[in-house]
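Visitor: starting from these lines, generate the structure:
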Amino acid sequence: MTECPASLLALQRAVSLGDLSAAEAVRRQHARLLARHASWHCASWVPEQAPMPGAGPLAGVALAHKDIFMLAGRAPGLGLGPGQPRPLAQPAAAIRSLGAAGAVVMGTLAMAEYACGSTGDNEWLGRCVNPRDHAAVVGGSSSGSASAVAAGLTLASLGTDTSGSVRIPAATCGVVGFKPTWGAIPTEGVQPLAPSLDTVGVLARDSVDAALLFEVLRDPVLPRPAVPGVLRVAAWLDDAALHPDVAGLLQGLARTCGAREQAFPSTEFERLSMLAEIVLRAESARTYGAVLKASDLPPRARDLVLGGLVLPRDWHGAALRARGGALRDFVAGHFGEADVLMLPALPQPVPDWRRVAPDEAQFQVRELLALHRYMGFVNYLGLPALVLPVAEDANGRPVSVQLLARPHREADLLSFAARLESSHAVAGRKAVPLML
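Guide: Next up, the predicted model:
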């Protein structure tokens, strides 16, 4: 078996130095995905032939993405099937940006139907498998992306995050999940769910690779602030819902980073979470209400849309009008002089998949709802966020921290995460080598 570089940065270096041709790099990456994706139920479509390599700084990079993006000549499957050829289809803006830099698409990855679902269950593909622990849940809705990155089948993947759909599966599978500021990556050509919340994000093996892709993907008209030499950190880790084992690991990390303790009143937290839920349900109903009336939707999508259809009409507008003030108050009240705010990714250890699957005898609704606890309010505020695995629990499952930064301060977030990864503050991470 021949080793293939295990990170985007290493692959980019190998191709640029001539140690590996772009064509051979693409062939190796495609061959691995084609041969092994069925083991994880993580791909929805992988062509038999490897794509031709592109030209640019990412020449030789082949990636697979959540099946929610328009591709050249192909419409997405949205978790309902493999997608369909559409000769005149143009790729989504994010796919175009990656292509212009030389990266090619080698397949599409599993997702919850219509991006509605926080687990890796899919009626068409079956249950997406977590490479870290086969009994553990794979979060959703970008479940195939997290599984494929964790298994080493793709070095990185684009996903979408409306209420944690990049960050939840990143936390369950022990990979990096990066959600930039709302609007920082164009969503043109991405099937919407709740447009006021929808954000294109990146799942990667480390924050350096996430930063490399974000540099290509970010809207070039946005400001590019400099990263301060010293990044100040605040931490909110005193939530009563936080499991003691998770709390202990994250509090140890916060002490190592010299983080200032930050209170987050439960009334404010619940209000922001409620506003996020109103926007999610109302806009999901607008997106898929006609589909529900014309035919039917899968159970999780149906429940979400029905909830939006019965909301009072003025609630959505009121929630959007409150958004700007809520963001200003949150930044002023919780960041203070800090550059990065540290909080949990999940309030509990990563659960078994049977405990969050409604059809299973072991199902616990509280554990399913807990996957979203620290996610939705971040989408409502539009803040950049990054989930980073930092330790392992007693069962060897990943424990992840969630980092927030001010709007359009992604550089602070990515820089701080990279510093954590390169220090001894992050332990217990397992890499899966890319081998053919």
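Visitor: for the helix or strand harbouring Val202, packing partners?
Guide: Element membership of Val202 [criterion: DSSP states H and E] is strand 199-204. Strand 199-204 sits against helix 143-150, strand 156-161, helix 167-173, strand 176-179, helix 207-217, with contacts defined as 3 or more C-beta pairs under 8 Å, 6 or more residues apart in numbering; DSSP states H and E. C-betas here are computed from N, CA, C, even on glycine.
Visitor: contacting residues around the third one?
Guide: The contact list for helix 167-173 (C-beta atoms under 8 Å, 6 or more residues apart in numbering) reads 118, 120, 130-132, 136-143, 145-147, 149-150, 159, 161, 176-177, 179, 201, 203, 345-346, 350, 371-372, 375, 385, 387, 389, 398, 400, 402.
Visitor: for Ala50, give me its contacts.
Guide: Contacts for Ala50 were tallied using C-beta under 8 Å, 6+ apart; they are 26-27, 30-31, 62, 106.
Visitor: in helices, which of those residues appear?
Guide: 26-27, 30-31 (DSSP state H).
Visitor: for the residue positioned nearest the centre of the chain, which non-adjacent residue is closest in space?
Guide: The centroid of the chain falls nearest to Val166 when counting by C-alpha atoms, centre = their mean (1.6 Å). With C-beta to C-beta, 6 or more residues apart in numbering as the criterion, Val166 has its nearest non-adjacent residue at 3.7 Å, and that residue is Gly201.
Visitor: from Ser142, how far out is the one you found?
Guide: As judged by C-beta to C-beta, to the nearest Å, Gly201 and Ser142 stand 8 Å apart.
Visitor: list the contacts of the residue nearest to Val166.
Guide: Applying C-beta under 8 Å, 6+ apart, the residues near Gly201 are 142, 158-161, 166-167, 177-180, 185.
Visitor: re the thing from before, ok, the residue nearest to the centre of the chain touching Leu158?
Guide: No: contact criterion C-beta atoms under 8 Å: Val166 and Leu158 do not qualify, at 9.1 Å.
Visitor: now do the shared contacts for those two.
Guide: By the contact definition C-beta under 8 Å, 6+ apart, Val166 and Leu158 are jointly contacted by 145, 201-203.
Visitor: tally of neighbours for Ala276?
Guide: 26 (other C-beta atoms under 10 Å).
Visitor: which residue ranges of the stretch 201-350 of the chain form helices?
Guide: Using DSSP state H, counting those that start in this stretch, the helices found in the stretch 201-350 of the chain span residues 207-217, 244-256, 266-294, 299-309, 313-321, 323-330.
Visitor: which among the ones you listed is found nearest to Pro85?
Guide: helix 266-294 (21.7 Å; C-beta to C-beta).
Visitor: which neighbouring elements make contact with the closest one?
Guide: helix 299-309, helix 313-321, helix 323-330, helix 376-381.
Visitor: if you set the cut-off to 7 Å instead, what comes out?
Guide: Using 3 or more C-beta pairs under 7 Å, 6 or more residues apart in numbering; DSSP states H and E, the elements in contact with helix 266-294 are helix 299-309, helix 313-321, helix 376-381.
Visitor: let's verify Leu197: helix, strand, or coil?
Guide: coil (DSSP: H, G, I helix; E, B strand; the rest coil).
Visitor: can you put the contacts of Gly201 in CSV and add distance to Val340 and pLDDT?
Guide: Listed next are the contacts of Gly201 as CSV, based on distance: C-beta to C-beta, whole Å; pLDDT from 0 to 100:
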residue, distance to Val340, pLDDT
Ser142, 23, 98
Leu158, 24, 99
Gly159, 22, 98
Thr160, 24, 98
Asp161, 19, 98
Val166, 18, 98
Arg167, 15, 98
Gly177, 16, 98
Phe178, 14, 98
Lys179, 15, 98
Pro180, 15, 98
Ile185, 20, 98
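Visitor: now render those residues as JSON lines, adding distance to Ile68.
Guide: Shown next, in JSON lines, are those (distance: C-beta to C-beta, whole Å):
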{"residue": "Ser142", "distance to Ile68": "8"}
{"residue": "Leu158", "distance to Ile68": "9"}
{"residue": "Gly159", "distance to Ile68": "8"}
{"residue": "Thr160", "distance to Ile68": "6"}
{"residue": "Asp161", "distance to Ile68": "11"}
{"residue": "Val166", "distance to Ile68": "11"}
{"residue": "Arg167", "distance to Ile68": "16"}
{"residue": "Gly177", "distance to Ile68": "16"}
{"residue": "Phe178", "distance to Ile68": "17"}
{"residue": "Lys179", "distance to Ile68": "15"}
{"residue": "Pro180", "distance to Ile68": "17"}
{"residue": "Ile185", "distance to Ile68": "13"}
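Visitor: between those, which is closest to Arg13?
Guide: Phe178 (21.4 Å).
Visitor: does the closest one have beta-bridge partners, and which?
Guide: Using DSSP bridges, the beta-bridge partners of Phe178 come out as Val202, Leu386.
Visitor: follow-up on the earlier one: so for Gly102, which of the helices and strands packed on helix 266-294 sits nearest?
Guide: For these, proximity to Gly102 was assessed by C-beta to C-beta; helix 376-381 is nearest, at 30.9 Å.
Visitor: who touches the closest one?
Guide: Applying C-beta atoms under 7 Å, 6 or more residues apart in numbering, the contact partners of helix 376-381 are 161-164, 197, 199, 269, 272-273, 275-277, 279-280, 323, 326-327, 330, 385, 404.
Visitor: try 6 Å
Guide: By C-beta atoms under 6 Å, 6 or more residues apart in numbering, the surrounding residues in contact with helix 376-381 are 163, 197, 272-273, 275-276, 327, 330, 385.
Visitor: likewise for stretch 80-88?
Guide: Contacts of stretch 80-88 (C-beta under 6 Å, 6+ apart): 44-45, 73-77, 113.
Visitor: the strand holding Val202 relative to strand 156-161, how many degrees between them?
Guide: 150 degrees (axes from the mean of the first three to the mean of the last three C-alpha atoms, to 10 degrees).
Visitor: the nearest residue to Ala322 once chain neighbours are set aside: how many residues sit nearby?
Guide: Spatial nearest neighbour of Ala322, excluding adjacent residues (C-beta to C-beta, 6+ apart): Leu275 at 6.3 Å. Other residues near Leu275 number 22, with proximity taken as other C-beta under 10 Å.
Visitor: much appreciated, bye for now.
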